[in-house]
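S.K.: Need a 3D model of the following:
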Amino acid sequence: MMTTTSIMGTQEPRIAHFPAYVSSAGAEVIELAAMAGLVLDPWQQLALIHSLGERPDGKWAAFEVGYNVARQNGKGGILEARELGGLYVIGERLIVHTAHEFATSLEAFRRLLMLIEDTPELDRRVMRVSRAHGEEGIELRGRQRINFRTRTAGGGRGFTGDTLILDEAMILREAAIGALIPTLSARPNVQVIYAGSAVDQTVHDHGVVWARVRERGLRGTDPALAYFEWSADPGEDETGTPLNPSQVPEEIAGSEEAWAQANPALGRRISTEHVARERRSMDPRTFAVERLGIGDWPETDPEAASVIDATSWRELRDDDSTMVDPVCFAFDVLPDRSAASIVAAGKRPDGLLHVEVIERHAGAGWVAGRLEELAAAHKPSAVLYVAKSPAAALAEPIAKVGVETTEVTAEEFVKACGAFADMVAGARLRHLGTAELLAAIRGAVTRPLVDAWAWSRTRSKVDVTPLVGATIAAQHADHFTPPSVYANKDLLVLG
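M.R.: Take a look at the predicted model:
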């Protein structure tokens, strides 16, 4: 792999779609930002010009705008320029900037305020600044305003304005959008701006909204959407399906050209040396998501719902749920050995089943040592894996550390899959709500069999190892009966 630092980030997005326009306010906004000391990179300027395209009637050509680029590249600079332009050039009466985290919203407020206060021509037009917790905002003498808010579980009511900015778009509840979009209908010329990076279902519980925006950008048929994405091309499998983050080959992960494709600020704010350090310190999947922009995107088609309904699964969450010994453990591994999971299952004191993800990590070399620790602490009723699966390769190293394993045959696995779905439907199971298991349930794809089905590791776009482990562990726990205290003892039968 090259180690030079001469390579520069690609300024043109890999994926771009925007509606036609007759003029753009982008040039004026870029000039204003430069006057405030915010000199934008070519890629940022390109995105702003196409985002601020205007129709013949003077309204925005793009009702929605999406900026999808890895962290630390400069999404915030685009938003700051857009906000300055909205206040001082376009004259919008209200801009609302929202983020998932309060700290993110507060930092955005401070950065914009610093730009304004450090520019006398802008600062003299400020009438009021609110620094109250949760009420941060700036109001100009011409009554143009910007407010900074944190999104809550209650949705997006009260966030309406001429421009709505949805930062951290990979964590955006559907309820917020459902509450928000109708409130914009009375505004004469509105724009909704999404800014985020790739979604990882194992981390982001609320990535569906951003995934839908991206899908519309990929299709390129939405006449009111402008979408720009800087990401590495992950390649495709034999079916033509884009590879997920756990499948990214070495020639892409280690390619400086791929780094440049996903990071337009490479060679400016981000060095190849730093990216190389990130790659050594991160697991491959995380590096693919966070630095290459290769997402683990959730299913957005309601007609393609998982066998197990995600809402039904959430209803079985019990943060206080515990299981009693003896418990069983199950482990599973992805086909490329990029990740593995250990799951436990057992009976609760009330007789219901409990499943729990004990560990999920990159690679598979850690599994034997962790199972050795778990077996010593819990003396499990069984340690399970699916026969002739990628997990089978771990049976020998696990045996070497003194842990006995039990194969689950292909026929037994098929039965367990159906049984697990029945357990959920019948509310006979409880869990702790871990993101890894929810992501697997939402994104798992099945492989059809004669009069049955089973989870598919290769067809699923997500890491299903937590779900495979939970499936076989729950089936075992459901049928396991502790040996009688009288087993192997001679009984005296009284006549």
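
S.K.: where does the stretch 351-495 of the chain dip in pLDDT?
M.R.: In the predicted model, the stretch 351-495 of the chain carries pLDDT under 70 at residues 450, 461, 483-495.

S.K.: So which residues of it form strands?
M.R.: 353-362, 382-386, 406-408, 429-430, 445-449, 452-456 (DSSP state E, counting those that start in this stretch).

S.K.: wait, which of those strands is closest to Thr311?
M.R.: Judged by CB to CB, the one of the strands of the stretch 351-495 of the chain that comes nearest to Thr311 is strand 429-430, at 15.0 Å. Where C-beta positions appear, they are placed from N, C-alpha and C, glycine not excepted.

S.K.: now that closest one, how far from the chain's geometric center?
M.R.: 25 Å (CA atoms, centre = their mean, to the nearest Å).

S.K.: Sheet-wise, list the partners of it with their directions.
M.R.: Its sheet considered, strand 429-430 pairs with strand 353-362 (parallel) by DSSP bridges.

S.K.: Quick one: distance of the lowest-mean-pLDDT helix or strand in the chain to the chain centre.
M.R.: One helix or strand of the chain scores below all others by mean pLDDT, DSSP states H and E: helix 174-180, with a mean of 72. Averaging C-alpha positions (CA atoms, centre = their mean) puts helix 174-180 18 Å from its chain's average.

S.K.: Output it in PDB with nothing but the alpha carbons.
M.R.: Output of helix 174-180 as PDB, limited to C-alpha atoms (Å, rounded to 0.1, in the frame of the first residue of the first chain):
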ATOM      1  CA  GLU A 174     -39.500   8.300  11.900                       C
ATOM      2  CA  ALA A 175     -41.800   9.900  14.400                       C
ATOM      3  CA  ALA A 176     -39.900  13.200  14.000                       C
ATOM      4  CA  ILE A 177     -40.400  13.300  10.200                       C
ATOM      5  CA  GLY A 178     -44.000  12.200  10.500                       C
ATOM      6  CA  ALA A 179     -44.700  15.100  12.900                       C
ATOM      7  CA  LEU A 180     -42.500  17.600  11.000                       C
END
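
S.K.: Tell me which other helices or strands the following helix or strand past it touches.
M.R.: For helix 174-180, the succeeding helix or strand toward the C-terminus, using DSSP states H and E, is strand 191-196. With contacts taken as 3 or more CB pairs under 8 Å, 6 or more residues apart in numbering; DSSP states H and E, strand 191-196 sits against strand 64-68, helix 75-85, strand 163-167, helix 208-219.

S.K.: need the ones you listed in a markdown table with mean neighbour count, mean pLDDT and distance to Ala20, can you?
M.R.: Shown next, in a markdown table, are the helices and strands packed on strand 191-196 (neighbours: other CB atoms under 10 Å; pLDDT from 0 to 100; distance: least, CB to CB, whole Å):
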| stretch | mean neighbour count | mean pLDDT | distance to Ala20 |
| --- | --- | --- | --- |
| strand 64-68 | 26 | 98 | 15 |
| helix 75-85 | 23 | 97 | 20 |
| strand 163-167 | 26 | 94 | 21 |
| helix 208-219 | 20 | 93 | 16 |
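
S.K.: between the ones you listed, which gets nearest to Ala435?
M.R.: With CB to CB as the criterion, Ala435 lies closest to helix 208-219 of these, at 13.9 Å.

S.K.: can you list contacts of the helix or strand following that closest one?
M.R.: For helix 208-219, the following helix or strand on the C-terminal side (DSSP H and E) is strand 225-229. With CB atoms under 8 Å, 6 or more residues apart in numbering as the test, strand 225-229 has contacts from 13-19, 46-47, 50-51, 53, 61-69, 213-214, 216-217, 293.

S.K.: Might you report the residue contacts of Arg442?
M.R.: Counting by CB under 8 Å, 6+ apart, the residues that Arg442 touches are 201, 298-299, 306, 310, 462.

S.K.: Can you tell me, leaving aside adjacent residues, what's nearest to it?
M.R.: Ala310 (5.0 Å; CB to CB, 6 or more residues apart in numbering).

S.K.: Would you quantify the distance from the one you found to Glu299?
M.R.: Per CB to CB, to the nearest Å, Ala310 is found 10 Å from Glu299.

S.K.: try Pro234
M.R.: 17 Å.

S.K.: Domain map for this protein?
M.R.: Per the record, the chain has its domains at 15-290, 305-479, by automatic domain parsing.

S.K.: The nearest residue to Asn68 once chain neighbours are set aside pairs with what?
M.R.: Among residues not flanking Asn68 along the chain, Glu229 sits closest, at 4.1 Å (CB to CB, 6+ apart). Beta-bridge partners of Glu229, counted by DSSP bridges, are Ile15, Asn68.
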